[in-house]
Each structure stands twice: as C-alpha cells, then as structure tokens.
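**Student:** Need coordinates for the following:
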Amino acid sequence: MFSSLMSRMTPMPAWIFLREFLRHPGAVGALCPSSGRLAERIARQVDLSCEGWIVELGAGTGAVTAALLRHGVRPERLIVIERSGYMARHLRERFPQVRVIQGDAGEGEALIQDYMPVAAVVSGLPLRSLPSDQVTRLTLAWSRGLGPQVRVIQFTYALRGGSAWLAAGLTWMAHETVWSNLPPARVEVYTRSEAAAPPA
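**Tutor:** Modelled structure (predicted):
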C-alpha cells in the first residue's frame, strides 16, 4: 500500500534532479537544482519592459521558471525548452499555463518559430560540460536571431574563463557571483549592443 501511494505522488524536484543527473550527468551538470537565491538573481536580469517572449533553455525541475514567474513574467509569455521527457512532464504538471517544449535547444528558433520575437533567453544549460560541437551549434543557433538589446542570461558554476556566447558574437554586459549557492555560481548577461569588456 505504501509503495502504491508513493508511486502516485509527484516526485520532489531534488529527486527528479538526482535521477536525471545519474542518467545523463553531462546534460544536467550538477547534483542539485539551483538555489532559490540563484534563481532570483537570474530572473532579476530579465527586462520585463522588452516586448517579446521569454525563453528558458534547460529548465530542469523549474527553480528558475518559478523565479521568472515571481519576477513578473506572465506565464503565457514564457516558453520553456527541456530535452528530458521526464523533466518536461514534471514542468507541465507544475506550470500548466507555461508553454513547455520537449526538444533539443540546439535547434534554436526553429523550436519556437510560431512564437516570435524573443525578448530574453535564459539558459541553465551546462555549457562547460557539453561537447564543444554541441555548444557551438547551440549558441550560434540562438545568438543569430537576436535583435539589439535582447539579453542572454547564462548561469555557470565556472567562476572564471571565457564564454561560448562571446564566441557566438554576443557582447558581455554584466555578471554577478552568487556565493551562497551550492556550488557558488556566476550569473552572466550578454547582448548584441556595445558594452564593457568581459570579466577575467
């Protein structure tokens, strides 16, 4: 009876994350979901006044998705792209008003050709742990179609070093390190407009 009850319960996000990490460690990139503080810092970088869709790449269990909604992003304006079928189903159950697309983010705007223009791209993808050819394909696919002032927000656990978004033609705009996250993470913001030089 107990096992039957447990099978009907919605899994806790941490368990979902651990399950996917064990199955696809390179695609998940960390043992734990993003902390609430990190998710809030990421969401805060989205400019709500910019017209268009907010696209989240690699939503995982939905920590950043929830923060984007709390930040003021309307659910009908948010598109989530998640490769894992297991996580995509969880996201649809957790956020029924948000458009969840199960697919490979490397396909770029082909996944959202009916939903344009894009106002911001929020990426939780572990670019440092993915194969370089996949990273190049992904960053080029999303950066090519972006208009001026559209932000790409990426968080990474690598606190130093360059970024594939720079190699894809975007310009560094800002960054912030969230030391309270486990592990510490850096929130990076890129755009096509002219900005300062990237951090070391």
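**Student:** wouldn't V118 be in contact with W53 here?
**Tutor:** Yes. Taking C-beta atoms under 8 Å as the definition, V118 is a contact partner of W53 at 5.3 Å. C-beta: built from backbone N, CA, C; applies to glycine.
**Student:** So the two - more neighbours on which side?
**Tutor:** Comparing V118 with W53 by other C-beta atoms under 10 Å, the one with more neighbours is V118, at 21 against 18.
**Student:** list the contacts for that one?
**Tutor:** V118 sits next to G52, W53, I54, V55, E109, I112, G145, L146, V150 when contact means C-beta atoms under 8 Å, 6 or more residues apart in numbering.
**Student:** Please report which of those residues has the highest neighbour count.
**Tutor:** I54 (26 neighbours).
**Student:** Summarise which helices and strands the strand or helix carrying it is packed against.
**Tutor:** Per DSSP states H and E, I54 falls inside strand 53-57. Under the contact definition 3 or more C-beta pairs under 8 Å, 6 or more residues apart in numbering; DSSP states H and E, strand 53-57 sits against helix 63-71, strand 78-82, strand 118-123.
**Student:** Please state the offset of that strand from the chain centre?
**Tutor:** Mean-position distance between strand 53-57 and its chain equals 8 Å (C-alpha atoms, centre = their mean, to the nearest Å).
**Student:** so which of the helices and strands packed on strand 53-57 gets nearest V98?
**Tutor:** Closest to V98 of the helices and strands packed on strand 53-57, according to C-beta to C-beta: strand 78-82, at 5.0 Å.
**Student:** so where do the strands sit in this structure?
**Tutor:** 53-57, 78-82, 99-102, 118-123, 151-156, 171-178, 185-191 (DSSP state E).
**Student:** Distance to Q45 and mean pLDDT added to the ones you listed, as TSV?
**Tutor:** Below are the strands of the chain laid out as TSV (distance: least, C-beta to C-beta, whole Å; pLDDT from 0 to 100):
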stretch	distance to Q45	mean pLDDT
strand 53-57	11	96
strand 78-82	15	96
strand 99-102	21	96
strand 118-123	8	95
strand 151-156	5	94
strand 171-178	8	91
strand 185-191	5	93
